Structures are given as C-alpha cells and as structure tokens.
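Asker: give me a 3D structure for the following:
(one chain, ligands or ions: 1)
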Amino acid sequence: MTYSYFKGDNARSKARDGMAPNKRLTLAFVQEAGRILLGYKKRGFGCGRWNGFGGKVHDGETVHAGAVRELEEESALIAPKLDKVGVLMFEFLGDPQLMEVHVFTTKHYSGTPSESEEMRPKWYSLEEIPFKEMWPDDVYWFPLMLKGKHFYGYFTFKGMNDIVDYKLREVENIHDVPIPQGPQDTTCRG
Ligand SMILES: COc1nc(N)nc2c1ncn2[C@H]1C[C@H](O)[C@@H](COP(=O)(O)OP(=O)(O)OP(=O)(O)O)O1
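Answerer: Just a heads-up that it's a prediction; the model follows:
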C-alpha cells in the first residue's frame, strides 16, 4: 500500500543531518469507568482497524492542540483536557521516515460520540478490547496506558501486520523523553 504523508511538520520534527523529518501524529483515547471509546477507521491509514482518534499535526499547531482538534473532528467529542501519556515510534522497513505518535488520554469530555467520515465510534468494556482487529502493537502498550502509566515504545514493522522488533518501557515523565529522528536499528535485516 502506498500512503503519501505529511508535508510540513512543525519545528520539533525537523530532520537532523538531512534525514527525513518524522511524520508527527496524535492518538487520543477517552475513558470512563470500565470502558474506553474506540473508533473503526473507515478510510486511509489503518483502514479496517479499531483505534483511538487522531491524525497529523498541522503546521504551526502544537501536538496537544492537534490531538484536541482530531478528536473532535473524528468523534465529535470536545476534550480540551487531554493528558499526554505516551510516545510511540513506528519504523516501517524500507521507509526512511519514522512515524512519531503522541498518545493522549482523558476522562473529561463533553458531547456525544458521533460517526464521522473517518471513524465510527463505539464504547468497549476493558475486558473486550478487540485487539485482533487493531494495530498489532496495541496489545503491548495498552496495558500500560490502562494502568495510567507513561510509556515510550519503538516498533519496527515489516509491512502493515508484522512487528519484527520492538522496545517498550514505562517512563517517569513522558514530557522528558527524547524523540529519535530517523530509523534507530542498525541491525542488518538482509
Ligand atoms: C503502526 O501502528 C499504529 N498503531 C496505532 N495504535 N495507531 C497508529 C499506528 N500507526 C498510525 N497510527 C495512528 C496515528 C493516527 O491517529 C492515525 C493515522 O492518522 P491519519 O493518517 O488518518 O491522519 P489524518 O490527519 O486523520 O488523515 P487524513 O489525511 O485522512 O485526514 O493512526
């Protein structure tokens, strides 16, 4: 699948030493007691998978503002108080650009979840999260997110379905985590 992405990310994503700038995205989850709101992606990247709500950070926009905007565009929920809890880096073998996904959660929102052109929202109980119909990385980091931890992960994908390598760690403060630019793993994968 080809997916063209992300011209004009803002300053912190600028490439170092001529490297391609990271593709910077947001991913927001709304939680209530015992349940979480997911959206079924109807088009584009991740089509056919359940996920949180998010997308590309626009030029001149903060990551937080991008997360608030995307959540509203895709679910109709207004949640200015989103807490950043994670950073996930995705390397797709053969693609020199990393995807840098900033993960947010909140329990404070107004509005009623509504279907958008991009997403069909649905509440899931925490015991019934449909991991088999989600990105394969989610099963690794969701437990940390659901425990209210901060986390950093780096996942290397071959194609859209296979994780060939990953690192995941809980961090004290997600705001202090350095964000790599460009693929980090120098292992020869033949
Ligand atoms: C590779 O693993 C991933 N796992 C998870 N859980 N989420 C991911 C992964 N890769 C990307 N994502 C998230 C990040 C974003 O929330 C969306 C992709 O956003 P999209 O490309 O749809 O961005 P928009 O700005 O909404 O796109 P449009 O151009 O369609 O408006 O997936």
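Asker: alpha carbons only for contacts and neighbour counts from here, please
Answerer: OK.
Asker: could you confirm residue 151 falls within a strand?
Answerer: Yes. Residue state for residue 151 (DSSP: H, G, I helix; E, B strand; the rest coil) corresponds to a strand.
Asker: what residues are up against the closest residue to residue 49 other than its chain neighbours?
Answerer: Once flanking residues are discounted, residue 49 sits nearest to residue 134: 4.9 Å by Cα to Cα, 6 or more residues apart in numbering. Shown in contact with residue 134 (Cα atoms under 8 Å, 6 or more residues apart in numbering): 49, 50, 51.
Asker: please report phi then psi for residue 62.
Answerer: Per-residue torsions, residue 62: phi -80, psi 160 (degrees, to the nearest 10).
Asker: no no, residue 22
Answerer: Dihedral angles phi and psi of residue 22 (degrees, to the nearest 10) take the values phi -60, psi 150.
Asker: so is stretch 24-34 next to the ligand?
Answerer: Yes. Stretch 24-34 reaches the ligand (Cα under 6 Å from any ligand atom) through 25, 26, 27.
Asker: please see if stretch 135-154 touches the ligand.
Answerer: Yes. Interface with the ligand: stretch 135-154 contributes 135, 137, 138 (Cα under 6 Å from any ligand atom).
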